[in-house]
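Asker: Pasting the sequence and the predicted coordinates here, then a few questions.
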Amino acid sequence: MTYDVNDFDSLDVVNNDRDHVWHHLAQHKPFEKTGPMVIVKGEGMRVWDSKGNEYLDAVSGAVWTVNVGYGRTEIADAVRDQLVEMNYFAQTAGNVPAAKFSKKLIDKMPGMNRVYFSNSGSEANEKAFKIVRQIAHKKYGGKKTKILYRDRDYHGTTIATLSASGQYERRNQYGPFVPDFVEVPHCCEYRAQEDADKSAYGVWAANQIEKVILAEGADTIGALCLEPITAGGGVIEAPAGYWPRVQEICKQYDILLHIDEVVCGLGRTGTWFGYQHYGVKPDIVTMAKGVASGYAAISCTVTTEAVFEMFKEDEDPRMGYFRDISTFGGCTAGPAAALVNMEIIENEKLLENATHQGEYLRGRLSDLMSKHPLIGEVRGKGLLVGIELVKDRATKEPVEEETVMAIAGHCMANGVIIGRTNRSFKAFNNTICLAPALISTKEDMDQLVAALDDAIADVTSKM
């Protein structure tokens, strides 16, 4: 497909954007001369900008969201029809698409049973934190308010979710933070801690969580919040032994296990949810991005029935229920889009495709390691892939962030959009992050690998 830039009044839009829109994650000073990039169309795996340039999108909308690809008229039609029928009523009452989607979602999540709607991953995690805090007051006399989070994990942009962020530069300049959020060590085997047991690193890394629990006092800790696979922190999968030990620790110390599936959920890793690879039985699961593939705003905080039942106790009928509301959790567009999104994933067998294409992509990228010493490790699961770049494979010294930026810029100039760890850490902003849509083909993967091959070669030649 080609896009005719003459169909679009690009000058007015670019000027209006430059003059009035405050973009995410952007230093705006360069826009004064060049103007911002404006994306005007998407179809399948590709998007077009206001100048008519075509790009293969290898990060699903730049932030791991458009899981089923662009231009899905069946989702847009479902949203339109639902909004005409009934667009909004606060979730103090029910609505048809929310009820239908909740049942379909829960059918994919054995052991989970209740869905709380809001509109972003940050908000979904905030709801989870509030649930944990309220349980601490209802059941434990105000104790067990602390929430553990992991170094390198990320849970959102609000002050509370940044308080639970293991990414230093994401937090920088936004303190002071909310008390009672406590960090536990990361589980990145490639960057294993100096004193780690390398022969059983997964169990060792999980045991470091127990050490923090004992130091803080188990009677003060209400929940442990983890990504199933660390996404924006470098695409880090926990080693063997980690998750069974984490589950044991949570049960032993009566700590709720909260899995943040905002990136991994809805097929990204080749299963409906990332935690399902590891036999984990969470108490709380949060999700957003791929729930409706970006066709409408929606997030979910999902709990077991046991967690939900704690808010039905009537010893305090005025204050004992979950006294929370999310305004746009009552918008019907989100669940209407999410229903069709799930049907597409099922009907087109996109979980299987994510698995097969992910294996193919990682294989192709591993082949590049023989050509490019800059590649230290290729890792990931399904269509969530990380490429960690180093100056020296023996020492694993990370490349500077500017090197990764240059590679991303080269790919962009050649029609491929990739992601990267972006001003997240003091030293480890050195991972290329890939999350193509679940509809990816081998031809798409080949185009992506070719662009990366050329970019790494060009940037290396100038180092």
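Answerer: Yep, that arrived. Numbering: from 1, shown residues only.
Asker: which residue is nearest the middle of this protein?
Answerer: Centroid check for the chain by C-alpha atoms, centre = their mean gives Val263 as the closest residue, at 2.3 Å.
Asker: OK, contacts around that residue?
Answerer: For Val263, the contacting residues are 64, 227, 229, 231-232, 289-290, 384, 435, by C-beta atoms under 8 Å, 6 or more residues apart in numbering. For every residue, glycine as well, the C-beta is placed using N, CA and C.
Asker: at 7 Å instead, please
Answerer: With contacts defined as C-beta atoms under 7 Å, 6 or more residues apart in numbering, Val263 is in contact with 64, 231, 289.
Asker: Can you report how many residues lie near the closest residue to Ile298 other than its chain neighbours?
Answerer: What sits nearest to Ile298 in space, not counting adjacent residues and going by C-beta to C-beta, 6 or more residues apart in numbering, is Gly334, at 2.8 Å. Gly334 has 28 neighbours, counted by other C-beta atoms under 10 Å.
Asker: just the buried members of the contacts of Val263?
Answerer: Neighbour counting with 16 or more other C-beta atoms under 10 Å marks 64, 231, 289 as buried within those.
Asker: can the residues you listed go into a markdown table with extra columns for pLDDT, distance to Thr421 and secondary structure?
Answerer: Formatted as a markdown table, the buried ones among the contacts of Val263 follow (pLDDT from 0 to 100; distance: C-beta to C-beta, whole Å; DSSP: H, G, I helix; E, B strand; the rest coil):
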| residue | pLDDT | distance to Thr421 | secondary structure |
| --- | --- | --- | --- |
| Trp64 | 96 | 13 | helix |
| Ala231 | 97 | 10 | coil |
| Lys289 | 98 | 17 | helix |
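Asker: Mind exporting the C-alpha coordinates of stretch 217-234 to CSV?
Answerer: Only the C-alpha atoms of stretch 217-234 are listed here, as CSV (Å, rounded to 0.1, in the frame of the first residue of the first chain):
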residue,chain,number,x,y,z
GLY,A,217,9.5,-7.5,58.9
ALA,A,218,7.1,-9.8,57.2
ASP,A,219,4.2,-8.4,59.3
THR,A,220,4.7,-5.1,57.5
ILE,A,221,4.6,-6.3,53.9
GLY,A,222,1.3,-6.6,52.1
ALA,A,223,2.3,-7.4,48.5
LEU,A,224,5.0,-8.1,46.0
CYS,A,225,4.6,-6.4,42.6
LEU,A,226,6.5,-7.9,39.7
GLU,A,227,6.5,-7.9,35.9
PRO,A,228,6.4,-11.5,34.6
ILE,A,229,9.1,-10.5,32.1
THR,A,230,10.7,-7.1,32.8
ALA,A,231,9.8,-5.1,29.7
GLY,A,232,11.1,-1.5,29.4
GLY,A,233,13.8,-2.3,31.9
GLY,A,234,15.6,-4.4,29.3
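Asker: Show me which residues of it are buried.
Answerer: 218, 221-234.
Asker: Nearest to Met109 among those?
Answerer: Within the buried residues of stretch 217-234, distances to Met109 taken as C-beta to C-beta reach their minimum at Pro228, with 12.9 Å.
Asker: hang on, the earlier thing: secondary structure class for the residue nearest to Ile298?
Answerer: Following DSSP: H, G, I helix; E, B strand; the rest coil, Gly334 is assigned to helix.
Asker: my guess is it contacts Gly294, does it?
Answerer: No - with contact defined as C-beta atoms under 7 Å, Gly334 does not reach Gly294; the gap is 11.0 Å.
Asker: any chance you could map the strands in the stretch 1-150 of the chain?
Answerer: 39-43, 46-49, 54-57, 114-118, 146-150 (DSSP state E, counting those that start in this stretch).
Asker: Turn those into JSON lines, including mean neighbour count.
Answerer: Listed next are those as JSON lines, based on neighbours: other C-beta atoms under 10 Å:
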{"stretch": "strand 39-43", "mean neighbour count": "17"}
{"stretch": "strand 46-49", "mean neighbour count": "20"}
{"stretch": "strand 54-57", "mean neighbour count": "20"}
{"stretch": "strand 114-118", "mean neighbour count": "23"}
{"stretch": "strand 146-150", "mean neighbour count": "25"}
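Asker: tell me which element Ile249 is part of?
Answerer: According to DSSP states H and E, Ile249 maps onto helix 242-252.
Asker: Am I right that Gly222 is in a helix?
Answerer: No - applying three-state DSSP, one finds Gly222 to be strand, outside a helix.
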